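J.: Sequence below, structure please.
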Amino acid sequence: MALGAALYRHARQRSGLPAMTAKGSFALMVGLLVGAGLGNKLVFLVERPDYWLAFWQGGQPMRLGQSLVGGLLGGLIGIELAKALTRQPASTGDLMVGPLAIGIALGRVGCFLAGLHDDTYGLPSTVPWALDLGDGLPRHPTALYEIAFVLTLAALLHRWRNRLALVPGLAFKGFLAGYLLWRLLIDGLKPVRVPYALGLSGIQWVCLLALLCYLPFVARAALRLRKTSR
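T.: All right, here's what the predicted structure looks like:
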């Protein structure tokens, strides 16, 4: 997180944008942090409602983990609300693509090193690259898959940055939509601890619903790019 924040700060400086502590930017930062913090916890509880039940029924201490998807969606909602309240219509997300990708990749390094102590490990598998994460069973190294995916996605968006810049916000929209689709698919290779409808996990349902809500905005921005490029 610290490295991602430093990279974002550097990107803002290079782009000539005001510091995050400036009047308008500070409101956006507060919206981002509050939204990400709330989304992080709420989506985790969607993923693990059994923790709620254990707390309310058995008097056990509440176990609160974290959800990267929740942090991203909550941060997006928080910053959009802050922009609406401060009347700042300009898109602010494109500069976050690189820092987000690096932050996610580094976070998944930690998940991989944690092995079975982290809930992001994959299902047992017989693929040649399956790895034993500590229980003697070869498993899909889903954390490594995600590192490769987010860095590849960010690299592609960086390669197309000049074209995407014609529509401010499109690069971020592409990154977020791509990541949500990725999580919807890759989480099918992870154990589902609390299954919802269709056997999907809570995270998968959050990703699916978020995609259904977000894709119209992505499509609208893509159409603007097509018209601008003519």
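J.: For this structure, which residues score under the pLDDT cut-off?
T.: Segments of the chain classed as low confidence (criterion: pLDDT under 70) are 1-24, 59-63, 229-230.
J.: Could you rerun that using 80?
T.: For the chain, the stretches flagged by pLDDT under 80 are 1-25, 54-64, 89-92, 229-230.
J.: Show me the helices in it, by range?
T.: Taking DSSP state H as the criterion, the chain carries its helices at 2-14, 23-47, 49-58, 68-85, 97-114, 142-159, 161-164, 170-186, 202-228.
J.: Which one of these lies nearest to S91?
T.: helix 170-186 (7.3 Å; C-beta to C-beta). To be clear about C-beta, it is placed using only N, CA and C from the backbone, and glycine gets the same treatment.
J.: And the contacts of the closest one?
T.: Under the criterion C-beta atoms under 8 Å, 6 or more residues apart in numbering, residues 69, 72, 76, 91, 93-94, 96-97, 100-101, 104, 142, 145-146, 149-150, 153-154, 157, 160-161, 164-165, 203-204, 207-208, 210-211, 214-215, 217-218, 221-222, 224-225 lie in contact with helix 170-186.
J.: Turn the helices of the chain into a markdown table, including distance to G134 and mean neighbour count.
T.: Listed next are the helices of the chain as a markdown table, based on distance: least, C-beta to C-beta, whole Å; neighbours: other C-beta atoms under 10 Å:
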| stretch | distance to G134 | mean neighbour count |
| --- | --- | --- |
| helix 2-14 | 27 | 14 |
| helix 23-47 | 22 | 18 |
| helix 49-58 | 23 | 12 |
| helix 68-85 | 22 | 20 |
| helix 97-114 | 9 | 18 |
| helix 142-159 | 13 | 17 |
| helix 161-164 | 40 | 14 |
| helix 170-186 | 20 | 20 |
| helix 202-228 | 23 | 16 |
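J.: now these in TSV, with distance to P124?
T.: Compiled in TSV, the helices of the chain are given as follows (distance: least, C-beta to C-beta, whole Å):
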stretch	distance to P124
helix 2-14	33
helix 23-47	21
helix 49-58	22
helix 68-85	24
helix 97-114	16
helix 142-159	12
helix 161-164	40
helix 170-186	16
helix 202-228	19
